[in-house]
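# Okay, here's the prediction I keep looking at, along with the sequence it came from:
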There are 2 protein chains.
Amino acid sequence: MENAGIIIIGNEILSGRTLDRNSNYISDRCSKAGIKVIEVRIVEDDIKVIIKNVINFSKKFTHVFVTGGIGPTHDDKTTEAIASAFKRKIQVNKKAKRLLVTHYKKSNLELNENRMKMAKIPLGARLILNPVSAAPGFKIKNVWVMAGVPKIMQGMFASYVEPKLKKSKAFISKEIIVYKPEGDIADLVEETQNQYLELDVGSYPFYNPPNVGTNIIIRGQNDSLLSKARKYLTKKLKSKDILYSINE
Amino acid sequence: MENAGIIIIGNEILSGRTLDRNSNYISDRCSKAGIKVIEVRIVEDDIKVIIKNVINFSKKFTHVFVTGGIGPTHDDKTTEAIASAFKRKIQVNKKAKRLLVTHYKKSNLELNENRMKMAKIPLGARLILNPVSAAPGFKIKNVWVMAGVPKIMQGMFASYVEPKLKKSKAFISKEIIVYKPEGDIADLVEETQNQYLELDVGSYPFYNPPNVGTNIIIRGQNDSLLSKARKYLTKKLKSKDILYSINE
């Protein structure tokens, strides 16, 4: 099974000012493509830190998704770091330049030196096209490098990255909402997990008194097995007169 | 300066079903306490993985904040992992048991074996009290272990963790909203950064056409220096007739 790691680059997120939504978006899309996300790291805008994490993830995972730090300003250090991680030179990519020339002409903006930074791409990398604001991301080895602005990242991912991923069976979740705190049903949930070792049975309490209860999520790639496991659990709940509902 | 790393434990987040808000909350509170968050990791509910990351972060950072996996169900593995990371035994903590007995009596719920799991704490750890739902977290060495449910985690953090942190000067941000894409002002922003090396000057584009522009965030612990740096930048913007506003 293919797997993935996600690296989110940005001091702004580590400072608590900005909520990261990119890792959630990518994780969700990966689940649907049958790719398991194993780890997410949020790291500083620091070249050495980016290099170290990218090398580490590139060795460990089928795919590495990186977001942030490929813009025109001084704090955009990702391209330099990734080139350095893979010992590649950076140079103006002709196609990237052409995309920028066209885009800035249309937008009546100047393609100045700052913006030309966004046409500089590690040698041998393939461009990840940007349907929103032209400046491309790039892929080098198994590392997909995208913009940090969620709207732009999502545009790149949906229109360019996702079609190139090798799809396998999507991960599906079955959710059972149980109107009891998890301490009351932990046994039944564990029995279900032990009965279906192929699946991942998770227990997630919610706590907004008077609404207190537990979401049980059964997750896997085999739909009929998931239905069986859900039936196994709901039968046990019924036999103990425990209220639940199924979230389809 | 004190720093911190955050470890978020949960398959549910890596699957993309649940958006992590805990790291954002903790990062924001740390900023206000003058503690710099250096890295966030979101990892699987897996004992070996938790052990490895906790040991690594505990060596690197002043504080490690861990959330998730201390409940009563089979997928709650954090306590066991952390005890193992620090080679401690786990046993029923008398105070924790007393808290649970009182809480479940009041709530008319049974303190069954599953729930008693939440009274088992690594030897030598100090309890982190839980003003919301009684079951405590714990602190061992420099590692603060809290619940994963945001409301409960925030209750633990605000009422118990935060008062025990050594406060230093809060990190403050000054935000300048510039009504130009960042490629037009990258020079001015970089000049500001170079002039005030003590501060962290970040450039964050926003892109919701027709609203396209850049948030410049100047961040640091010295308020008057921050004001100076802001003035330095806004003067440059004015001299080029670039529109901006200040977000106080």
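Cool, got the structure. Keep in mind the model is a prediction, meaning the values are calculated, not measured.
# give the contact list for the nearest residue to residue A:124 once chain neighbours are set aside.
Across the structure, with Cβ to Cβ, 6 or more residues apart in numbering or on different chains as the measure, the residue nearest residue A:124 apart from its sequence neighbours is residue A:88 (6.0 Å). (Glycine included, C-beta is placed from N, CA and C.) Each residue near residue A:88 by Cβ atoms under 8 Å, 6 or more residues apart in numbering or on different chains is listed here: A:122, A:123, A:124, A:125, A:140.
# Any figure for the gap between the nearest residue to residue A:67 once chain neighbours are set aside and residue A:107?
With Cβ to Cβ, 6+ apart as the measure, residue A:22 is the residue that lies nearest to residue A:67, at 4.6 Å, once sequence neighbours are left out. Between residue A:22 and residue A:107 the computed distance is 25 Å (Cβ to Cβ, to the nearest Å).
# So for these two, which residue has more residues nearby?
In this view residue A:22 and residue A:107 are compared by other Cβ atoms under 10 Å in any protein chain shown, and residue A:22 has more residues nearby, 26 against 14.
# For the more buried one, give its distance to chain B.
For residue A:22, the distance to chain B (Cβ to the nearest Cβ, to the nearest Å) stands at 11 Å.
# check contacts around that residue.
By Cβ under 8 Å, 6+ apart, the contact list for residue A:22 reads A:6, A:8, A:67, A:68, A:148, A:150, A:153.
# Stretch A:28-41 near chain B at all?
Yes. If you take Cβ under 8 Å from any Cβ of the partner chain as the test, stretch A:28-41 does meet chain B, through A:28, A:29, A:30, A:31, A:36, A:37, A:38, A:39, A:40, A:41.
# OK, contacts around the residue nearest the centre of chain A?
Among the residues of chain A, the smallest C-alpha distance to the mean C-alpha position (Cα atoms, centre = their mean) belongs to residue A:26, namely 2.5 Å. Residue A:26 is in contact with A:4, A:6, A:37, A:65, A:67, A:157, B:16, counting by Cβ under 8 Å, 6+ apart.
# cutoff 6 Å now
With contact taken as Cβ atoms under 6 Å, 6 or more residues apart in numbering or on different chains, residue A:26 is in contact with A:6, A:65.
# part of a helix, is it?
Yes. According to DSSP: H, G, I helix; E, B strand; the rest coil, the state of residue A:26 is that of a helix.
# hmm, back to that, narrow the contacts of residue A:22 to just the buried residues.
With burial judged by 16 or more other Cβ atoms under 10 Å in any protein chain shown, the buried subset of these is A:6, A:8, A:67, A:68, A:148, A:150, A:153.
# list the contacts for the closest residue to the fifth one other than its chain neighbours?
Think residue A:148. In this structure, residue A:148 finds its nearest non-sequential neighbour in residue A:68, 3.1 Å apart by Cβ to Cβ, 6+ apart. The contact partners of residue A:68, taken as Cβ under 6 Å, 6+ apart, are A:9, A:10, A:148.
# nearest residue to the second one other than its sequence neighbours?
Translated: residue A:10. Counting by Cβ to Cβ, 6+ apart, residue A:68 is the residue found nearest to residue A:10 once chain neighbours are left out, at 4.7 Å.
# Using the three-state scheme, assign the residue lying closest to residue A:24 once chain neighbours are set aside.
Among residues not flanking residue A:24 along the chain, residue B:19 sits closest, at 4.7 Å (Cβ to Cβ, 6+ apart). Three states are possible here, and by three-state DSSP the one that applies to residue B:19 is coil.
# Check the burial of residue B:19 by counting its neighbours.
A total of 15 residues lie near residue B:19 under the criterion other Cβ under 10 Å.
# thinking again about what came up before, tell me the secondary structure at the residue nearest to residue A:124.
Per three-state DSSP, the secondary structure class of residue A:88 is coil.
# so what's the backbone phi/psi at it?
With angles defined as degrees, to the nearest 10, residue A:88 shows backbone torsions of phi -110, psi 150.
# how many neighbours does residue A:105 have?
Residues near residue A:105, counting by other Cβ under 10 Å, number 11.
# ditto for residue A:16
Residue A:16 is flanked by 20 other residues according to other Cβ under 10 Å.
# so it sits in a helix?
No. Under three-state DSSP, residue A:16 falls outside any helix and is assigned coil.
# Quick check, pLDDT for the closest residue to it other than its chain neighbours.
Spatial nearest neighbour of residue A:16, excluding adjacent residues (Cβ to Cβ, 6+ apart): residue B:28 at 3.0 Å. The per-residue pLDDT reported for residue B:28 equals 97.
# One more: residue A:12?
What the model reports for residue A:12 is a pLDDT of 94.
# Test my guess that it contacts residue A:18.
Yes. Here residue A:12 lies in contact with residue A:18, judged by Cβ atoms under 6 Å, at a distance of 4.5 Å.
# Show me which of the two is the more surrounded one.
residue A:12 (22 against 19).
# Can you say which helix or strand has the more buried one in it?
Residue A:12 belongs to helix A:11-14 when elements are defined using DSSP states H and E.
# Which secondary structure elements does that helix sit against?
Counting contacts by 3 or more Cβ pairs under 6 Å, 6 or more residues apart in numbering or on different chains; DSSP states H and E, helix A:11-14 packs against strand B:200-208.
# picking that back up, taking the contacts of residue A:88 together, which two end up most distant?
Longest distance between any two of these is 9.2 Å, between A:123 and A:140; criterion Cβ to Cβ.
# for chain A, what's the longest helix?
Ranked by residue count and defined by DSSP state H, the top helix of chain A is helix A:223-239.
# in it, what counts as buried?
For helix A:223-239, burial by neighbour count (16+ other Cβ under 10 Å) applies to A:226, A:229, A:230, A:233, A:234, A:236, A:237.
# and the angle for it with strand A:200-208?
On the basis of axes from the mean of the first three to the mean of the last three Cα atoms, to 10 degrees, helix A:223-239 is oriented at 50 degrees to strand A:200-208.
# any idea how far residue A:157 is from chain B?
Residue A:157 is 12 Å from chain B, by Cβ to the nearest Cβ.
# Now for that residue, how many residues are close by?
By other Cβ under 10 Å, 23 other residues sit near residue A:157.
# cool, residue A:47 as well?
The local packing count at residue A:47 equals 16, with neighbours defined by other Cβ under 10 Å.
# re earlier: need the contact partners of the longest helix of chain A.
Contact with helix A:223-239 is made by A:172, A:174, A:188, A:192, A:195, A:196, A:199, A:218, A:220, A:244, as judged by Cβ under 6 Å, 6+ apart.
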